[in-house]
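**Student:** Give me a 3D structure for the following:
(one chain, ligands or ions: 2)
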Amino acid sequence: MARILKPDICVIGGGAAGLSVAAGAAAFGVPVVLIEHGKMGGDCLNYGCVPSKALIAAAKHAQAIRKAGAFGLVAAEPVGDNERLKDRISRVIADIAPHDSVERFTSLGVEVITETARFVDERTLAAGDCLVRARRFVIATGSSPAIPAIAGLAETPFLTNETLFELEQVPRHLIVIGAGPVGLEMAQAYCRLGARVTVIEGATALAKEDPELKAIVLDALRAEGVVLHQRTTIHSVTSSEDGVILRCEDQSGSLDIKGNHLLLATGRTANHDSLNLAAAGIRHDAARIEIGANLRTSNPRMYAIGDAAGGQQFTHAAGYHARLVLQQILFRLPAREIRAMIPRVTFTDPELAHAGLTEEEAREKSGSVDVVRCDYSANDRVRIDGLGCGQMKLVIGRRGRILGAGIAGAGAGEMIDIWALAIANRLTLKSFRDHVAPYPTLSEIGKQAAISYYSPMARNRFVRTAIRILRRFG
Ligand SMILES: Cc1cc2nc3c(=O)[nH]c(=O)nc-3n(C[C@H](O)[C@H](O)[C@H](O)COP(=O)(O)OP(=O)(O)OC[C@H]3O[C@@H](n4cnc5c(N)ncnc54)[C@H](O)[C@@H]3O)c2cc1C
Ligand SMILES: NC(=O)c1ccc[n+]([C@@H]2O[C@H](COP(=O)([O-])OP(=O)(O)OC[C@H]3O[C@@H](n4cnc5c(N)ncnc54)[C@H](O)[C@@H]3O)[C@@H](O)[C@H]2O)c1
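**Tutor:** Ligands and ions are numbered 1, 2, ... in the order given. Coordinates of the predicted model:
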């Protein structure tokens, strides 16, 4: 006979989104059931952020060996050891895993069920031998790699983020389809680890990003040897004796690209097929669950968050969603997702980070805006550490209000945080002009940008007259 559970909250999915809801609710003593049918920690820990950033860290070290000459050391071509690289990636995952484990969540008071969840009606869900009738359900079932419809792909071996980190060796020639964050981060990392890398993009690389800033990143990748074909259609894929052949077409005609391994980095599809959403009365289509700005589905007891919500797919967005639903479920307070609050970072080198509105979005929304640019070249830390090219670009509204910030350059991912905070708190550039930034740091780039915004004031006739008058007082 089925076990019937009646918690306050039932969370489906033990990735970044679901775990944040479960841990948050349990901290307030609220009964929670969490259902996960795969690995606790979801994509981020097992197949996404963590292994990809561990691979990028190894690639950075490889590049540092190559570039050591600039620092008065003997440069060399790094020698890889794939067994140890794989081992390190596994150890990084294993180090973090206890934080997301069934044991930890059980100790927090969460009942964890390791089964597939499926709705049976508008109030009930089945998972293994349990029926769960919760007051509220949170769908946090994440996403999977989208597989494009390309002739021959089904018969050709390919990698996705779910299999990439299991590779037995660094590929000789890796072909990456898709120049979004996954494609470009992995392209540069494998190039640095010694692979030849070709990226094929149907539209334009990093399409959502500011054109000026992304150009800095794309130039750097090309300079390191990543070959990027944009606006290129792939007609077919076939496997060859030692790899794959892609029949493509770009503006100048058709071309065949041969490589040894193929990585698909062509976006994500929400995981909701297994949920039987129709039984729960949740409106959806194949691509997404219909939700409001409060993340509630068409069934008022149910929310969809994280990658399953189909918006910005980041671990920190999942955490933000978790807070918004907890605010509604636990405290009955209204909450609304503000997408401009969610910063993003592509962890290429140089990094590309953004918070708030881009210049284009701000012009569409507010008409006239000011743009302040500050180049990395004038910063002492950049010179000391030999950090290369970079630029900060700020989009400023009336009375100095910060509407958006973009950074392409070393440390962009760390630096963007303060700008995200400033935008969320509606600060003006005055705060950055007047605060004291430590020397020598990259943060001084932001202060310099703020000073340059206000510098026309030094030439203002009234200000100069006021200073002249004040001088008379001794
Ligand atoms: C290669 C790569 C690199 C990335 N790097 C970054 C990064 O650097 N920074 C960043 O912020 N984001 C990054 N992301 C995105 C980030 O990984 C996701 O946004 C995040 O993991 C989403 O979390 P989630 O909880 O919504 O989904 P998931 O982590 O996918 O978790 C969903 C869980 O639900 C479970 N599930 C699904 N259906 C059911 C069911 N019916 N019953 C029970 N369980 C079910 C799944 O098994 C899964 O564990 C990266 C993604 C990829 C692919
Ligand atoms: N640093 C980070 O925060 C980080 C890193 C990796 C991934 N992510 C998240 O993971 C999600 C997935 O990333 P992604 O890069 O896979 O997706 P994406 O949607 O950002 O990029 C996919 C790219 O593939 C291209 N494409 C799709 N089909 C194609 C085809 N048939 N031929 C050629 N090109 C094709 C698209 O035009 C697009 O540019 C993103 O939403 C991102 O937010 C975040």
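
**Student:** Show me what residue of the stretch 301-450 of the chain gets nearest to ligand 2.
**Tutor:** Closest to ligand 2 within the stretch 301-450 of the chain is residue 313: 3.6 Å, counting by CB to the nearest ligand atom. Quick note: C-beta positions are derived from backbone N, CA and C, even for glycine.

**Student:** what's near enough to touch that residue?
**Tutor:** Residue 313 makes contact with 143, 268, 306, 307 under the criterion CB atoms under 8 Å, 6 or more residues apart in numbering.

**Student:** which of the residues you listed has the most neighbours?
**Tutor:** Comparing those by number of neighbours (other CB atoms under 10 Å), residue 306 comes first, having 35 neighbours.

**Student:** what's the closest non-adjacent residue to that residue?
**Tutor:** Using CB to CB, 6 or more residues apart in numbering and skipping the chain neighbours, the partner closest in space to residue 306 is residue 17 (2.7 Å).

**Student:** and the one you found, how many neighbours does it have?
**Tutor:** Using other CB under 10 Å, the number of residues around residue 17 comes to 31.

**Student:** Flag the helix or strand of this structure with the lowest per-element mean pLDDT.
**Tutor:** Within the chain, judged by mean pLDDT, DSSP states H and E, the helix or strand with the poorest mean is helix 461-471; its value is a mean of 88.

**Student:** could I have that one exported to CSV, CA atoms only?
**Tutor:** What follows is helix 461-471, C-alpha atoms only, in CSV (Å, rounded to 0.1, in the frame of the first residue of the first chain):
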residue,chain,number,x,y,z
ARG,A,461,31.7,77.6,-15.0
PHE,A,462,29.6,77.8,-11.9
VAL,A,463,31.7,75.4,-10.0
ARG,A,464,34.9,77.3,-10.9
THR,A,465,33.3,80.6,-9.9
ALA,A,466,32.3,79.1,-6.6
ILE,A,467,35.9,77.9,-5.9
ARG,A,468,37.2,81.4,-6.8
ILE,A,469,34.8,83.0,-4.3
LEU,A,470,35.6,80.5,-1.6
ARG,A,471,39.4,81.3,-2.0
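
**Student:** So which residues make contact with that helix?
**Tutor:** Under CB under 8 Å, 6+ apart, the answer for helix 461-471 is residue 457.

**Student:** what's the spacing between that helix and its chain's center?
**Tutor:** Here the centre of mass of C-alpha atoms in helix 461-471, compared against the chain's by CA atoms, centre = their mean, to the nearest Å, lies 50 Å away.

**Student:** buried residues in that helix?
**Tutor:** Applying a neighbour-count criterion of 16 or more other CB atoms under 10 Å, one finds nothing buried in helix 461-471.

**Student:** Around ligand 1, pick out the residues from the stretch 51-200 of the chain.
**Tutor:** Listed as neighbours of ligand 1 in the stretch 51-200 of the chain under the rule CB under 6 Å from any ligand atom: 52, 53, 116, 117, 140, 141, 142, 143, 161, 182.

**Student:** SS state for the residue of the stretch 301-450 of the chain closest to ligand 2?
**Tutor:** Per DSSP: H, G, I helix; E, B strand; the rest coil, the secondary structure class of residue 313 is coil.

**Student:** what's the farthest-apart pair in the contacts of residue 313?
**Tutor:** Between all members of the contacts of residue 313, the longest pairwise span (CB to CB) is found for 268 and 306 and amounts to 11.2 Å.

**Student:** show me what contacts the residue nearest the centre of the chain?
**Tutor:** Per CA atoms, centre = their mean, the C-alpha nearest to the average position across the chain is that of residue 314, at 4.4 Å. Residue 314 is in contact with 342, 344, counting by CB under 8 Å, 6+ apart.

**Student:** ok, now how distant is it from ligand 1?
**Tutor:** According to CB to the nearest ligand atom, to the nearest Å, residue 314 stands 3 Å off from ligand 1.

**Student:** Which element, helix or strand, includes residue 360?
**Tutor:** helix 359-366 (DSSP states H and E).

**Student:** Flag every buried residue along that helix.
**Tutor:** Residues of helix 359-366 classed as buried: 359, 361, 362 (neighbour count, 16+ other CB under 10 Å).

**Student:** swap in stretch 166-183?
**Tutor:** Of the residues in stretch 166-183, 167, 170-171, 173-183 count as buried by neighbour count, 16+ other CB under 10 Å.

**Student:** so of those, which ones are in strands?
**Tutor:** Mapping the buried residues of stretch 166-183 onto strands (DSSP state E) picks out 173, 174, 175, 176, 177.

**Student:** what about the nearest residue to residue 92 once chain neighbours are set aside, how many neighbours?
**Tutor:** For residue 92, ignoring the flanking residues on the chain, the nearest one in space by CB to CB, 6+ apart is residue 54 at 4.4 Å. Counted with other CB under 10 Å, the neighbours of residue 54 add up to 19.

**Student:** Residue 54 - that's part of a helix, no?
**Tutor:** Yes: secondary structure assignment (three-state DSSP) places residue 54 inside a helix.

**Student:** Can you tell me how far the residue of the chain at minimum distance from ligand 2 is from residue 249?
**Tutor:** Per CB to the nearest ligand atom, the residue of the chain with the smallest distance to ligand 2 is residue 180, at 2.1 Å. Residue 180 is 21 Å from residue 249, where distance means CB to CB, to the nearest Å.
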